[in-house]
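> what follows is a predicted structure for the sequence shown.
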Amino acid sequence: MEKSKIRELTGQLTLEEKAGLCSGKDFWRTKAVERLGIPQIMVSDGPHGLRKQDDDADHLGINDAIKAVCFPAGCASASSFNRELIEEVGEALGEECQAEGVSTLLGPGVCIKRSPICGRNFEYFSEDPYVASEMATAFIKGVQSKGVGTSIKHFLANSQEHRRMSSSSDVDERTLREIYLASFEGAVKNAKPWTIMNSYNRINGTYAAENKKFLTDILRNEWGYEGIVVSDWGAVNNRVADLEAGCDLEMPAAHGNDELIIDAVKSGKLDESVLDTAVERLLDWIFKAVENKKERYVWDRKADHEKAKKAARETIVLLKNDDDILPLTKGSKVAFIGKYADKPRYQGGGSSHINSMYVTSAYAAAKDAGIENVNFAKGFDDKEDKYDEALANEAIELAKNSDVAVVFAGLPDSFESEGYDRRHMSMPLSQNRLIEEIAAVQPNIVVVLHNGSPVEMPWIDKVPAVLEAYLSGEGVGAAECEILFGDVNPSGRLAESFPLKLEHNPSYLYYFGEGDVTEYREGVYVGYRYYDKKQIPLLFPFGHGLSYTSFEYSDLTLDKEEYTEGEKLKVSVKVTNTGKRAGKEAVLLFVGARDTDYVLRPVKELRAFDKLSLSAGESKVVEFELDSRAFSYYETKIPDWFVESGEYEIIIARSAEDIRLVKSIKVTGTKKRPFKITPDTTCGDVLQFPECSEKIAKYVADYMTLFDDGDSAASEAMSPEMIKRQFEYNPLRSVVSFSLRKPISMEEVKKFVDGLNALINS
Ligand code: BGC
């Protein structure tokens, strides 16, 4: 609807009707204003399937949610590193929403995986903001191309479930910008989600719903966001302040909060124009949904199930494959062991839980595919972490009498879910024990994992092959079977690091805070940004994932030798499939700043990726285009993105540890870091400015005489390097005073300093 009409309509609404539009009618619907032809619309969870509940909504349960297709959860879909695939999933979800009369799907979730134990990691994409933001962009574009809105969530810094409704994520500005805001920023700017959901938690002390800095100053004024902000369900605490901060819609139904808005307007505490702005945004959203609604739309359940299978195939990650034990030979005696071979764990618990259409298990898929000699033993139950002798003995016996044993293990539902965090990174001990015992009788053992986030693998050295199936949706079993028997070549790659143990994670000392305060003390060193810098050995690094074929990288080319801020840098690299079968390859591009004396920076940061499909022997050239942001860090003193001049590396890699090609480039930034010289500024800092060198040359020379008295004892005691540093680290006031051989008054120093400031700011 045109803006002028929306404004006109807003003008016709009573104060009560306007306040009413700012909260839900019930759990999932907005309120209608029939006299003016404003209909109600419906939203549903999200993200990786449609959880449309009937009228007796029960918040987190799956009470009578309609049957729908369960696609891979965020942890899995990000591992595809395939934007087109995620967009297709989004399209399918958009169609399902159309058919079911749902106007907005509540997803995707882009919170950063700060710690491997966040209970909701399975719903989120990555530890890296670029991956999260790119995946979200593809998802949003897919859903919204079908005329259905999305709700990117949970804004902001919502990386733990522990005390999620009261804890404050205390994060410094640079870290917020580079990591936690960045996972939203690209998606908000490039895909324009219809809605954004603010989180439950506080950010630096202020509740997200009430945080004007994020909901208005950054989201709308800086990023140009035009959609609505909806509260997470129950995240509104202070309705009037929230509205003023930019939270337009309270969900679900408000209990008395509409009246608070009405009273505030009547008493003059709230400017009615604030309410009008929110209502205009809400009407824009409601009518966009209405105008895009397709009547009598039918969705093809079988076709979408096939799409879920297709997605699952690309999300599964082959972590280890010693001696090419995989793929298995069809017809050989294979033991499928473990509950999840028959009843896979394929999705997480909580608000994203889908009442799935058709779940495939690997065991059923093997039978359906007519693969002979596959036998099954349950091995364990996951209701409690108890080693079941009878089940284990049966499984061990089967493993012994087979050519190969495939153990389908992982985390039970009770181990990870929305609402709470894990306390450790271990799988059930009973499962670990079973894996060890099978490995003792059957060296040809493959472990297939079903989990939403990293686990420790104490048995890793005894197991030659591991497949990380994550929570890959209802197509998981079919996809596992195809990968195990070689009908599909695995191409998933980890979008997060797997530490050897939880204690190695950078947030470990501070996660999940003290009381209601969680300080993000590791700063920008999240995931590989930390492991890289500290050179911490990992179980599996970010980006890791094997294939049944091999790839060679060559001909890394940059279209310029020197780069100046504001330009585009084109990077190309040739990738060749050097193996015997077709495969897909995700190519990662990291940028590493090398001259970083002044600012602390990670060794490298992911700035681009692409996924290629290559038949055996085929080569393709992949091209990337980088802009200034790829070289920037967030300089809080400006405050803005800042390109530091110096040498950078363009790094082409398969993973954070498997670096294939590197080229250096000289980069020139065009902005000046704001700098104010004071009497305490060190001489080294002043000498950064060539325009000051003449003015302080005399003092430099005088200072140097101190160490140049021809006495060999002095020069023995102080190396030239020490003298240089001594000078560089000396504050101006002390060097000037030394040079003059007398104490110098503060006025004199100030005059001198003012002269220098005039030079650097001219
Ligand atoms: C979750 C959201 C979800 C909403 C509606 C909340 O508890 O945090 O992600 O969309 O419930 O179910």
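Perfect, thanks for sending it. Residues are numbered from 1 along each chain as shown.
> rest of the way, CA atoms for contacts and neighbours
Will do.
> show me which residues of this structure are close to the ligand?
Remark: the part of the chain in contact with the ligand comprises 45, 59, 106, 232-233, 351, using C-alpha under 6 Å from any ligand atom.
> using the three-state scheme, assign F642.
strand (DSSP: H, G, I helix; E, B strand; the rest coil).
> now do the contacts for it.
Taking C-alpha atoms under 8 Å, 6 or more residues apart in numbering as the contact definition, F642 lies against 632-635, 669, 671, 673.
> most neighbours among those, which one?
Neighbour counts for the contacts of F642, by other C-alpha atoms under 10 Å, peak at Y633, which reaches 21 neighbours.
> list of residues touching stretch 363-378?
Residues contacting stretch 363-378 (C-alpha under 8 Å, 6+ apart): 330-339, 341-342, 391, 394-395, 398, 477-478, 481.
> swap that for stretch 683-697, please
Residues outside stretch 683-697 that contact it (C-alpha under 8 Å, 6+ apart): 677, 727-732, 756, 759-760.
> now it: buried residues?
683-686, 692, 696 (16 or more other C-alpha atoms under 10 Å).
> report the two of those separated the most.
Distance extremes for those: the farthest pair is D685 and I696 at 12.1 Å, using C-alpha to C-alpha.
> any idea how far the nearest residue to R120 once chain neighbours are set aside lies from C118?
Closest residue to R120 apart from its sequence neighbours, by C-alpha to C-alpha, 6 or more residues apart in numbering: E418 at 5.0 Å. Taking C-alpha to C-alpha, to the nearest Å as the measure, E418 falls 9 Å from C118.
> over to D702?
59 Å.
> pop the domain breakdown of the chain in here.
3-291, 308-540, 551-668, 683-760 (automatic domain parsing).
> okay, those in a markdown table with mean pLDDT next?
As requested, the domains of the chain are exported to a markdown table (pLDDT from 0 to 100):
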| stretch | mean pLDDT |
| --- | --- |
| domain 3-291 | 96 |
| domain 308-540 | 97 |
| domain 551-668 | 97 |
| domain 683-760 | 82 |
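> can you redo the ones you listed as JSON lines with distance to D300?
Shown next, in JSON lines, are the domains of the chain (distance: least, C-alpha to C-alpha, whole Å):
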{"stretch": "domain 3-291", "distance to D300": "9"}
{"stretch": "domain 308-540", "distance to D300": "12"}
{"stretch": "domain 551-668", "distance to D300": "28"}
{"stretch": "domain 683-760", "distance to D300": "65"}
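> for Y297, find the nearest of those domains.
Across the domains of the chain, Y297 has its closest neighbour in domain 3-291 (4.7 Å, C-alpha to C-alpha).
> can you give me the end-to-end span of that closest one?
Terminal residues of domain 3-291 lie 14 Å apart, using C-alpha to C-alpha.
> can you list contacts of stretch 315-332?
With C-alpha under 8 Å, 6+ apart as the criterion, stretch 315-332 contacts 72, 76-80, 371-373, 403, 444, 464-470, 472, 480, 483-486, 490-494, 540, 544-548.
> which stretches of the stretch 101-250 of the chain form strands?
Along the stretch 101-250 of the chain, counting by DSSP state E, counting those that start in this stretch, strands occupy 104-106, 149-155, 168-170, 195-198, 202-203, 206-207, 228-231, 250-253.
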